[in-house]
Each structure stands twice: as structure tokens, then as C-alpha cells.
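Student: sequence below, structure please.
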Amino acid sequence: MAYTGVMPSARSRAMVREARHLLFTVAPGAVWIVIFLVLPGAYLMGVAFMTNGPYGLPEMPLSLESFKRLAGFGFLGWSPGNLYTLLRSLWQTAVSTGLVVLVAYPIAYYITTCREKWRPIMLLLVVVPSWTNQVIRTFGWMNLLAPGTPLSGLAEGLGLIAPNMGLYPSSFAVTLGLVYNFLPFMVLPLYAAFEKLDTAQVEAAQDLFASPVRAFWHAVFPQTLPGLLAGIVLVAIPAFGMYVIPELLGGGKGMMLGNLVATQFSGGANWPLGAAGAILMLIATFIGLFAMRRIGKRLGGGEEVVI
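Tutor: Model (predicted):
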């Protein structure tokens, strides 16, 4: 009887120690998430359902006016301007993400084929540019694409642009800036996937006289799918809400959703509309994550791919 009375006490002390350890390890991250993610998100949701005040600040009563304005309905009727901004953001994100995938795949594969002593250096060369502030890098592209530069001169000689116009500002400059900015976020997960590549499957496909395209699709692509989906999430979500690159390289001409939201909190002076746009971006993010998980499960042969 005395032995059975001691065991619960020892077990309870172990549980208390485990709970204390869990508290000290998880609590800082949980507090950070609550303060900088949950509370701002809840505040935005509250502001989105409020009425726009005379100086752009939210005030009571609650209404759906900001969502109507976001859908294009104003006091003069319906306007497709915001819809065009949303479609432009989706198109720019899709094109940029696709180009990043096309550029990152051969880079990641080439790095894995290098000698082991050179791989960290190659990865460092991919990552180092992202250590510089994004605004500074964007200004660098503005100088490279401005009128009179070699790139603009080449495009002018090929008849792609008018004389003395330059490649900036333009949608092409925005796409180029997005691809350059998010390339490391695609290369790194693809490199991790290529490192685990089972080359025996590739050799078996070649022994069966599969063409390079079929060998890639049936032997390489399924094995690198987790890295590809992780890279798409890391690229597409921030690109969809990007502000700096479209604002600087686009010259304010090709507004994206992030620019629309930022404008409402500054010059536009309509906080509820900006909050509604931010909520739309969150909804689009959740829909994108759900779609990527379903696509990964379907392409992965019924096994869910963790993103």
C-alpha cells in the first residue's frame, strides 16, 4: 500500500516538470504569435466592419460598406477598378511564381551535382543577395532598367520598347523584381528535395528508354514535389501582397493588392477599406494553402504532402 501511494506523487512531479519545460519552451513563441499576429489580425477584422470617419479613421456604427467598396460599389455605382487590381495581383503572382520555378529547378539540381565542398558556397551565393535590404535591391534594379542602360539599349535595339523609354517602370520590371527577390525561397526547398533524390529511379527510367521529359516527370518530379510545393507557398503568398517592388519598379502604374491596402492607410485615408483588403489577402492565403495541400495529395499518389 505504501508503494502505490508513492508512485502517483513521483508521476505528478514528473508531469509538473514536463509542463514547466513545455511552458518555458513554447510560451515565448506563443506570446510572440499572439501579440504580433493574432491581435493585429483581430484588430483588422474589427476595423474592416466599421464605418469610415471624416478623416479616414474607423468609427461606429458597424457596416459592410468597406467590403462593398472593395467589390467596386461606390456612390457613383459599380466600378471594376478594384477587381482589375485583384486580377492583376493574381496574374502577376502566377507568372512570377512560374518563372521562379523554371529558374530555380536547374539551379537547385546543379548545386546538388557539385562536389560537397562547393555546395555551401553555391548556396551562399544564392542567399547572400537577400541579406541586403529589399528597398536597396529594388533601387538597384531601377538603375539597371532605367533609360540609357545596356539592358534598355538591348531591348530598344530589338524593338521591344520605344526609344529612350527604358524597361522601368513597367510590368516586366515588376515581374523581374519579384523573380529576383523570391528566387532563394524556391531554390532552398528544391535543393533539400534534390539531396534526397533516389537516383536509382532515374536510372531505371533511362534504362527503359524514357525520354528526358518523361524521366523527369515520372522519376524526378514526384520526389521533388514536397520541396516544390513548399517553395510555391514561400513565393506566391508574399508575392501576392507585395508592396515595395510594384510601387518602385511599377512606378505606381500597375497597382497590386498590397499597394491598394497601403494606400488606404496613407493617402487614401480609408482604414476600413484597407482592413477589408488585408482580410481579403488572408482569405486568399488560406485558400491557396488549402489548394496546395489538395494538389500535393493528388499528385503524391493519395499521400498528403506536408507544407
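
Student: helices and strands around the strand or helix carrying residue 93, which ones?
Tutor: Element membership for residue 93 (DSSP states H and E) is helix 81-113. When contacts are defined as 3 or more CB pairs under 8 Å, 6 or more residues apart in numbering; DSSP states H and E, helix 81-113 sits against helix 119-127, helix 171-195, helix 221-240, helix 257-264. Every C-beta, even on glycine, is put in place using the N, C-alpha and C of the backbone.

Student: of the ones you listed, which approaches residue 109 most closely?
Tutor: Closest approach to residue 109 among the helices and strands packed on helix 81-113 (CB to CB): helix 171-195, 5.7 Å.

Student: tell me the buried residues in the closest one?
Tutor: For helix 171-195, a neighbour-count test (16 or more other CB atoms under 10 Å) marks 171-194 as buried.

Student: residue 54 is nearest to which of the helices and strands packed on helix 81-113?
Tutor: helix 257-264 (15.2 Å).

Student: relative orientation of the closest one and helix 221-240 in degrees?
Tutor: If you take axes from the mean of the first three to the mean of the last three CA atoms, to 10 degrees, helix 257-264 sits at 20 degrees to helix 221-240.

Student: phi first, then psi, for residue 51.
Tutor: For residue 51, the backbone dihedrals (degrees, to the nearest 10) come out as phi -90, psi 140.

Student: burial check on it, number of neighbours?
Tutor: 13 (other CB atoms under 10 Å).

Student: quick check: buried residues in stretch 32-48?
Tutor: 44, 47, 48.

Student: those helices in the stretch 201-307 of the chain, which residues are they?
Tutor: Applying DSSP state H, counting those that start in this stretch to the stretch 201-307 of the chain gives helices spanning 212-215, 221-240, 244-249, 257-264, 271-299.

Student: mind putting those in JSON lines, mean pLDDT included?
Tutor: Formatted as JSON lines, the helices of the stretch 201-307 of the chain follow (pLDDT from 0 to 100):
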{"stretch": "helix 212-215", "mean pLDDT": "88"}
{"stretch": "helix 221-240", "mean pLDDT": "90"}
{"stretch": "helix 244-249", "mean pLDDT": "90"}
{"stretch": "helix 257-264", "mean pLDDT": "86"}
{"stretch": "helix 271-299", "mean pLDDT": "84"}
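
Student: SS state for residue 21?
Tutor: Taking DSSP: H, G, I helix; E, B strand; the rest coil as the rule, one finds residue 21 in the helix state.

Student: tally of neighbours for it?
Tutor: Residues near residue 21, counting by other CB under 10 Å: 10.

Student: so how far is residue 13 from it?
Tutor: 13 Å (CB to CB, to the nearest Å).

Student: same deal with residue 56?
Tutor: According to CB to CB, residue 56 stands 57 Å off from residue 13.

Student: the more surrounded of those two?
Tutor: residue 56 (17 against 10).

Student: which residues sit against stretch 158-177?
Tutor: 92, 95-96, 99, 138, 141-142, 145-149, 151-152, 155-156, 245-246, 248-254 (CB atoms under 8 Å, 6 or more residues apart in numbering).

Student: how far does whichever strand or helix holds residue 27 sit from the chain's center?
Tutor: Secondary structure assignment for residue 27, by DSSP H and E: helix 2-33. Remark: helix 2-33 is offset 38 Å from the chain centroid, using CA atoms, centre = their mean, to the nearest Å.

Student: same check on stretch 244-256?
Tutor: Worked out by CA atoms, centre = their mean, stretch 244-256 lies 17 Å from the chain centre.

Student: would you mark the buried spots in it?
Tutor: Using 16+ other CB under 10 Å as the test for burial, stretch 244-256 gives 244, 245, 246, 247, 248, 249, 250, 254, 255, 256.

Student: same thing with stretch 72-91?
Tutor: In terms of neighbour count (16+ other CB under 10 Å), stretch 72-91 has its buried residues at 72, 82, 85, 86, 88, 89.

Student: same check on stretch 264-276?
Tutor: 264, 265, 269, 270, 271, 272, 273, 274, 275, 276.

Student: format those residues as CSV; extra columns: distance to residue 127.
Tutor: CSV is the format used below for these (distance: CB to CB, whole Å):
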residue, distance to residue 127
264, 34
265, 32
269, 40
270, 39
271, 37
272, 40
273, 37
274, 33
275, 34
276, 36
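
Student: the residues you listed: which two are farthest apart?
Tutor: Spatial extent of the buried residues of stretch 264-276 (CB to CB) is set by the pair 269 and 276 at 14.6 Å.

Student: one step back: mind checking which of the buried residues of stretch 32-48 are in helices?
Tutor: 44, 47, 48 (DSSP state H).
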